[in-house]
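here is my input, please return the structure:
(one chain, ligands or ions: 1)
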Amino acid sequence: MNLILLGAPGAGKGTQAQAISAKLGIPQISTGNMLREAVKNGTEMGLKAKAAMDSGDLVSDEIVIGILRDRIAEPDAANGYILDGFPRTVAQAEALDKMGVVIDRVLEIYVPDEKICARMSGRRVCESCGASYHVEFNPTLKDGICDECGGKTVQRADDAPETVLSRLQVYQEKTAPLKDYYQKTGKLLTVEGQDQVAETTKLVFASLGIED
Ligand code: AMP
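Residues are numbered from 1 along each chain as shown. Purely as a prediction, here's the structure:
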């Protein structure tokens, strides 16, 4: 199963991708996590991506399409994957089509803009493995420590309120048109993101026909 998760930043794509990945045994492929890793390691690509990421803008299609193409060619992606944060532009969606990737389902997690800012201020991510948490809605068992790998959880620099607003604007301008793109293929499903992660997961599994 090749899945795409669509939704505004902070809608819960990463968290739901983790739940689907654990259930179906297919990898979560997050371009955001890969880019943050590249920035952390100071690679050439990381240096190119950093300014756009810090300002809440999108990294160039060329860079992102390149890393995605390499990632889906890895052996663990052979039986399917969950794309989390890709595609984010129509050009990226067209690039996937050109690569011959067949997408089974596109799942939009819808959360109204008013709720997004509160969600982002409580979001924490693991510095080591990229797992997502929320201080209120999805806390770690031990404060500041990732449940998955024991790494340190931190707030993302681009979750600062000023940057969140520009990320939402970028989403509306560049990414929201993908809903139409995939609606036309008949593959688009939408669930409304709930405050409780487990409630959203139930809706996500039900809409994908996955047994809970
Ligand atoms: P995310 O973790 O998905 O919220 O991504 C964090 C940041 O990485 C975004 O705000 C963009 O700057 C960049 N990014 C991630 N995925 C993409 C993509 N598919 N296209 C362009 N930029 C991306």
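
what helix or strand is the residue of the chain found nearest the ligand on?
Here the residue of the chain nearest the ligand is residue 32; by CB to the nearest ligand atom that distance is 2.0 Å. For every residue, glycine as well, the C-beta is placed using N, CA and C. Assigned by DSSP states H and E, residue 32 belongs to helix 31-40.

and for residue 190?
With DSSP H and E as the test, residue 190 turns up in strand 188-192.

quick one on the thing from earlier: quick check: buried residues in the helix holding residue 32?
31, 32, 33, 34, 35, 36, 38, 39 (16 or more other CB atoms under 10 Å).

surely the last one is in contact with residue 48?
Translated: residue 39. No - between residue 39 and residue 48 no contact is recorded; they are 9.7 Å apart, counting by CB atoms under 8 Å.

got the contact list for residue 10?
Neighbouring residues of residue 10 by CB atoms under 8 Å, 6 or more residues apart in numbering: 111, 116, 117, 119, 120, 123, 159, 164.

ugh, wrong one, I meant residue 45
Contacts for residue 45 were tallied using CB under 8 Å, 6+ apart; they are 35, 38, 63, 67.

residue 54 is in contact with the first one, correct?
No - with the criterion set as CB under 8 Å, residue 35 and residue 54 do not qualify as a contacting pair; they are 11.3 Å apart.

let me know the angle separating the helix or strand hosting residue 63 from helix 31-40.
For residue 63, the element it lies in under DSSP H and E is helix 61-72. Between helix 61-72 and helix 31-40, the angle comes out at 100 degrees (axes from the mean of the first three to the mean of the last three CA atoms, to 10 degrees).

against which helices or strands is the helix-or-strand element of the chain with minimal mean pLDDT packed?
Here the helix or strand of the chain ranked lowest by mean pLDDT, DSSP states H and E is helix 113-122, holding a mean of 88. With contacts taken as 3 or more CB pairs under 8 Å, 6 or more residues apart in numbering; DSSP states H and E, helix 113-122 sits against helix 161-170.

can you list contacts of the following helix or strand past the helix it packs on?
Next along the chain after helix 161-170, taking DSSP H and E as the criterion, comes helix 177-183. Residues from elsewhere that reach helix 177-183 (CB under 8 Å, 6+ apart): 4, 6, 87, 88, 89, 90, 93, 103, 106, 108, 188.
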